[in-house]
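**Q** my questions concern the predicted model and sequence given below.
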Amino acid sequence: MASKINVRFLGTSAQIPSPNRNHTSILLTYKEENILIDCGEGTQTQFRKAKLNPGKITKILITHIHGDHTFGLPGLLSTLSFNEYKKTLHIYGPRGIKEYMKEFLGLFGIEKSYKIEVHEITKSGKFFDNKEFELHSEKMQHGIPTNAYFFKIKDKLRINKGKIKKSKLPNGPLLKKLIEGKDITYEKKKYKNKDLTYLENGKKISFVLDTLYNDKIIPFVKNSNLLICDSSFSSELKQQAKDHLHLTSEQDGMIAKKSKSEKLILTHISQRYEHKTKELLEDAKKHFKQVEVAKDLGEFII
């Protein structure tokens, strides 16, 4: 059985937090991997509210260096040191993130008991790869260097148990060869890999936060199981969205439909919609029905 991906929204507000929405931060958990996407002010407090351990963070992905996406870093990094975090913390971000982190750490005088490695992602495409999953980035348009990201579990060959049972093949090395994509021979009979296995498609989670609508988004997020999008404005304020280099909720719905995504989550919610999130929801539903507005501490498991 495939392992589940848990996506927890620690903060869902736009530039100004509200009583019910903290600054942007999202935690993706898969097996032992805990990837934090952005780290707005108050993120470590949200970890406490969610009863999550920040000491399990393995990577931090920063979409861009605006304060509402990064001002939680000093406190979080200090807390990790006080709690004797022992892993190497990998921080990824767009062009300029290395200098930003250098100044950040120096300004706040953060003493670390652990190693931080900062990686600038300046090219589109895959930037992390292991046997389990991949991380990809794409450049967005927000006035400063900005990245969108997706996390994807790799496609895997699976044994068709029903067909294996009928074939009466024994468990062991022979089945391992099938998983490796090889044909096998047993008792002088040849068995083709394609007849006894099937391809299980890996799940994909995409994060498109602050950006102007652009042609790169749809191909980048294509076939997402979960698509998480900036929803700072409704379509009624589409000119303001354009002026401020943000998406509208209606554009999010269009992106979800055209990319053939399964589910859309609206986040980065402006305080103007504190009691009017239905407006954003209905806007997106003009084009795509499987949509929800994120709530602080809300989670999605796929």
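**A** Now that the structure is in, tell me what you want to look at.

**Q** tell me the pLDDT of the most far-flung residue of the chain relative to its centre.
**A** Within the chain, the residue lying farthest from the chain centre (C-alpha atoms, centre = their mean) is K188, at 48.3 Å. Predicted confidence (pLDDT) for K188: 77.

**Q** begin at 57 from now on, thanks
**A** Okay, residue one is now 57; in that scheme the one you just asked about reads as K244.

**Q** and G131, what does it touch?
**A** Residues counted as contacts of G131 (C-beta atoms under 8 Å, 6 or more residues apart in numbering) are 99-100. Any C-beta I mention is one placed from the backbone N, CA and C, and that applies to glycine too.

**Q** repeat the analysis, applying 6 Å as the threshold.
**A** Q100 (C-beta atoms under 6 Å, 6 or more residues apart in numbering).

**Q** run through the stretch 157-306 of the chain and note the low-pLDDT ranges.
**A** The model of the stretch 157-306 of the chain has pLDDT under 70 over residues 167.

**Q** one more time with 80
**A** Residue ranges of the stretch 157-306 of the chain with pLDDT under 80: 162-169, 213-217, 219-225, 227-237, 239-240, 242-244, 247, 249, 251-256.

**Q** what does the residue nearest to S59 when sequence neighbours are not counted show for phi and psi?
**A** The shortest distance from S59 to any non-neighbouring residue, by C-beta to C-beta, 6 or more residues apart in numbering, is to K87 (5.4 Å). Torsion angles at K87 (phi, psi; degrees, to the nearest 10) stand at phi 50, psi -120.

**Q** okay, now K87: neighbour count?
**A** By other C-beta atoms under 10 Å, 11 other residues sit near K87.

**Q** ok, now F138?
**A** 9.

**Q** just I284 next, same as before
**A** By other C-beta under 10 Å, 30 other residues sit near I284.

**Q** surely it and I321 touch.
**A** Yes - using C-beta atoms under 6 Å, I284 is in contact with I321, at 4.8 Å.

**Q** just the helices in the stretch 157-306 of the chain please.
**A** All helices of the stretch 157-306 of the chain, identified by DSSP state H, counting those that start in this stretch, fall at 217-223, 229-235, 249-252, 273-277, 294-299, 305-314.

**Q** the longest one packs against which elements?
**A** Packing contacts for helix 305-314, counted by 3 or more C-beta pairs under 6 Å, 6 or more residues apart in numbering; DSSP states H and E, involve helix 273-277, helix 333-340.

**Q** buried residues of the first one, list them for me.
**A** With burial defined by 16 or more other C-beta atoms under 10 Å, the residues of helix 273-277 counted as buried are 273-274, 276-277.

**Q** just put those in CSV and tack on distance to G237.
**A** Compiled in CSV, these are given as follows (distance: C-beta to C-beta, whole Å):
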residue, distance to G237
I273, 33
I274, 31
F276, 28
V277, 29
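
**Q** tell me the one among these nearest to K195.
**A** For the buried residues of helix 273-277, the closest approach to K195 (C-beta to C-beta) belongs to F276, at 9.6 Å.

**Q** mind listing what that closest one touches?
**A** F276 makes contact with E194 under the criterion C-beta under 6 Å, 6+ apart.

**Q** same deal with S291?
**A** Neighbouring residues of S291 by C-beta under 6 Å, 6+ apart: 304, 306, 339.

**Q** for those residues, pick the one with the most neighbours.
**A** Most surrounded of these: other C-beta under 10 Å gives T304, at 26 neighbours.

**Q** bridging residues for that one?
**A** Here T304 sits in beta bridges with F289, going by DSSP bridges.

**Q** touching, it and K298? I think so.
**A** No - the criterion here is C-beta under 6 Å, and T304 misses it with K298 at 8.8 Å.

**Q** returning to that earlier point: need the contacts of S291 in TSV with distance to G111, can you?
**A** Below are these laid out as TSV (distance: C-beta to C-beta, whole Å):
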residue	distance to G111
T304	38
E306	40
D339	39
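
**Q** which one of these is nearest N186?
**A** Closest to N186 out of these is T304 (36.2 Å), distances taken as C-beta to C-beta.

**Q** state the distance from the closest one to E338.
**A** For T304, the distance to E338 equals 12 Å [C-beta to C-beta, to the nearest Å].
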